[in-house]
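Engineer: Using only what follows, build the 3D model:
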Amino acid sequence: MKMNAIKSLFWFLIAQAAYAESKFIDVPLEELMEVNVTSITKMPMPLNKSPVTAYVISQDEISRKGYRFLVDILKNVPDIHVANLASTEKAGVEIYIRGIFANDKITVLVDGNKVKAPTGEPTAFFHAMPLIDVKQVEISLGSASSIYGGDAMLGTINLVTETGAGINGIKVKATGGSQDTGEVQVAAGKKINEDIEVSLSGSFHRSASEDLKQNYPEIYGKIDKVDLTEQNNNLHFKGNYKDLTLSYYRVYNNANTSLSFNPAAPISYDYSGKAFFSTINQMANATYNLEINPFWQAKSSLSYESTELEPGSSYRAWGASAPISWTGDAIRFSETVAYLKGDINWLSGLELSFMNSTPKNSTDASSLIKNTNYENYAIYSQVNYDLTEKLVLNGSVRMDADSRYTPSVNPRVGFSWQAFKALRFFGAWGTSYIAPSPYLIYESWNTPQDPIYHRANLNLQPEKMMTAELGLNAEPFKNNAFKLSGFYTQGKDIVRVVNNVFTGKPNTNDNLATSETYGLQAGDSHHFENGISADLNYVYTLGQQNAEKLTKMVGITNAPENMIKSNLEYSLDKFTLRFTGRWFDKVRTHESNTLYNGSRMHGATIFDSNLHYALPLQAAEFSIDLGATNLLDTTYYNVNMNDSFAVIPLEVGALSGGLPRLPQETRRLYFTVGLSY
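Structural biologist: Numbers count the residues shown, from 1 in each chain. From the prediction side, this is the model:
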């Protein structure tokens, strides 16, 4: 009944669109490139002067394309590959940037304040961050450790939220869809007087997965219950009093991992589907901006970050009966001084971080793991210099002194050269390091029934990375933009698992590996005058890394060699119709994979679509979105590419030892109604 109603509404909106007057809102591409971005350099910078690849997704684009969560955007960023339901303890959503797993190597910010796990626990909430109060999303790639610290090895994601005056009322979106999806997002904001603005937003999302008992009876038919229900919620408050900003951000995420799908183990274990990763991430921040004079500015910030893996989470056990938990928090103070005048923009600052991590699990080994307290002291400086009207130079450097390790100095240099009106060259080089988190040092989550299965490594050393990029932007025709860039990344002392399962010795993490990835990206975007816009991007990525125990070099794991992303959009008076395609191929499996033995496997072609309808109503706006993910229901797999479990094909259907080969993502339909007043 529900699906018939959705289909009827779909055809009704199509019919309405056929009679709508074409009034495409055409924003020239050159204007889009002049949008200011703050997260690249911590100073306002037009996108067309960035030394690194960067993307800005505006609130208007978010609405027209029907994006509801951050992961919807990340799926369509050319350089990013999103893998769902991965069989690792990263849980739910894995992000790969230019061939490298990035969940712990990219800094997530809300209004410039970190909201990711402060002590290195895996970041797994990308699909739990709603966009209803977001003004724009800024994504920059390449090392940003020279200003943000070690966990910005591969870039930053910054959600810039609306002020109370920007919302100026109430916004509500309610979504329902297939697989029992239900969701509500609400935002409210107001400018109370000349000095005070407040905003408050929240969201709740709950969804089941496909019916495994019905779709895979040979594997799940004899199991009484398979419950893969996921849910997340979010709360965000922001208040401004003159130059003082107070904010609080909380995101709760309960995501099943693909081990939930795994009945291939002794029947005595509980395979109810409750192998999940449940996290709470919080950030509270107070920021004071002081304008000393028109050229000198100062910014003071005090923040608290925390993360908790809820007790009861069980995501890497042979069964779902062993609860584990992990908590971490950090208090940070930063002071920044900036000089912004004409051709020279200079910024310097210091950051003090005091961190605590408490790893826990249900085994006797937990008694060996104590609270870990450590500090990080950092100073940094950066200069943007307009050498000429066309050539902009950028340089920054940061020194981090972690109380557990020797100090690390990481620079970044870059340039942007507008050689001609329609041709710009850019490039950047930088280094970064990330101190191993207590999560990696004390990792002992393999098999809770055996406390020595994974041993801690107190001698784990920081990972190091160098990134470089050189590219060009061209506008060969009116409303057309072309981009070509090449990239190279080199990693040292990369942490990998020493797998001793078959020798009877405990596993451990160690700085085993070196790695290098390289490739190119080519993309073209065009706005047509008849209301159509289209873009096409191709990314080619190669690389190699050490296999276990440094025995040989193998290809990079889990990232596709070839990836194409396309977007076709047709805008009319009140309608926007979007089709998005993602194709990826030659995804290398783990060298211990028993089905593919490290060889490359085929990827998939996935289409998403959305029909957006917006109707202004005097002081309000009404909107409808009708969308689909994986429109053609393409079956594609993530067969244990990161771990060394055995893999059993679907046709075997055995209940003994190994991970079955099940789809990552099946078709989902959704219907969203929105009202802004």
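Engineer: Isn't Thr307 up against Phe277?
Structural biologist: No: between Thr307 and Phe277 there is no contact under Cβ atoms under 8 Å: 11.8 Å. In short, each C-beta sits where N, CA and C put it, glycine included.
Engineer: Need the overlap of contacts for those two.
Structural biologist: Jointly contacting Thr307 and Phe277 under the rule Cβ atoms under 8 Å, 6 or more residues apart in numbering is no residue at all.
Engineer: Distance-wise, check the residue most central in space within the chain relative to Glu210.
Structural biologist: Nearest residue to the geometric centre of the chain (Cα atoms, centre = their mean): Phe126, 4.8 Å. Phe126 is 21 Å from Glu210, where distance means Cβ to Cβ, to the nearest Å.
Engineer: So Tyr439 lies in a strand, does it not?
Structural biologist: No: secondary structure of Tyr439 (DSSP: H, G, I helix; E, B strand; the rest coil): helix, not part of a strand.
Engineer: do you know how far it is from Thr327?
Structural biologist: In this structure, Tyr439 and Thr327 are 11 Å apart, going by Cβ to Cβ.
Engineer: tell me, what's touching those two both at once?
Structural biologist: Joint contacts of Tyr439 and Thr327 (Cβ under 8 Å, 6+ apart) are Ser357.
Engineer: Give me the more crowded residue out of these two.
Structural biologist: The neighbour count for Tyr439 versus Thr327, taken as other Cβ atoms under 10 Å, is higher for Tyr439 (23 against 19).
Engineer: wait, isn't that one in contact with Glu121?
Structural biologist: Yes: look at Tyr439 against Glu121 with Cβ under 8 Å: they come within range, at 4.9 Å.
Engineer: Name the nearest residue to Gln59, sequence neighbours excluded.
Structural biologist: Lys135 (5.3 Å; Cβ to Cβ, 6 or more residues apart in numbering).
Engineer: Quick check: which element contains the one you found?
Structural biologist: Using DSSP states H and E, Lys135 maps to strand 134-141.
Engineer: From the contact counts, what lies against that strand?
Structural biologist: Using 3 or more Cβ pairs under 8 Å, 6 or more residues apart in numbering; DSSP states H and E, the elements in contact with strand 134-141 are strand 54-58, helix 59-65, helix 70-74, strand 155-161.
Engineer: now do 6 Å
Structural biologist: With contacts defined as 3 or more Cβ pairs under 6 Å, 6 or more residues apart in numbering; DSSP states H and E, strand 134-141 has these neighbours: strand 54-58, strand 155-161.
Engineer: Report how many residues lie close to the closest residue to Lys213 other than its chain neighbours.
Structural biologist: Nearest non-adjacent residue to Lys213, counting by Cβ to Cβ, 6+ apart: Tyr220, 4.7 Å away. Tyr220: 22 surrounding residues under other Cβ under 10 Å.
Engineer: Could you tell me how far stretch 605-613 lies from the centre of the chain?
Structural biologist: Chain-centre distance of stretch 605-613: 20 Å, with Cα atoms, centre = their mean, to the nearest Å.
Engineer: Convert the C-alpha atoms of it to PDB, please.
Structural biologist: Provided in PDB are the C-alpha atoms of stretch 605-613 (Å, rounded to 0.1, in the frame of the first residue of the first chain):
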ATOM      1  CA  THR A 605      27.200   0.500 -11.500                       C
ATOM      2  CA  ILE A 606      24.800   2.300  -9.200                       C
ATOM      3  CA  PHE A 607      22.200   4.900 -10.000                       C
ATOM      4  CA  ASP A 608      20.400   7.200  -7.600                       C
ATOM      5  CA  SER A 609      17.600   9.600  -8.400                       C
ATOM      6  CA  ASN A 610      15.600  12.400  -6.800                       C
ATOM      7  CA  LEU A 611      12.600  14.500  -7.900                       C
ATOM      8  CA  HIS A 612      12.400  17.700  -5.900                       C
ATOM      9  CA  TYR A 613       9.400  20.000  -5.800                       C
END
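Engineer: what does that stretch rub up against?
Structural biologist: Identification of contacts with stretch 605-613 by Cβ atoms under 6 Å, 6 or more residues apart in numbering yields 13, 64, 66, 574-583, 624-632, 634.
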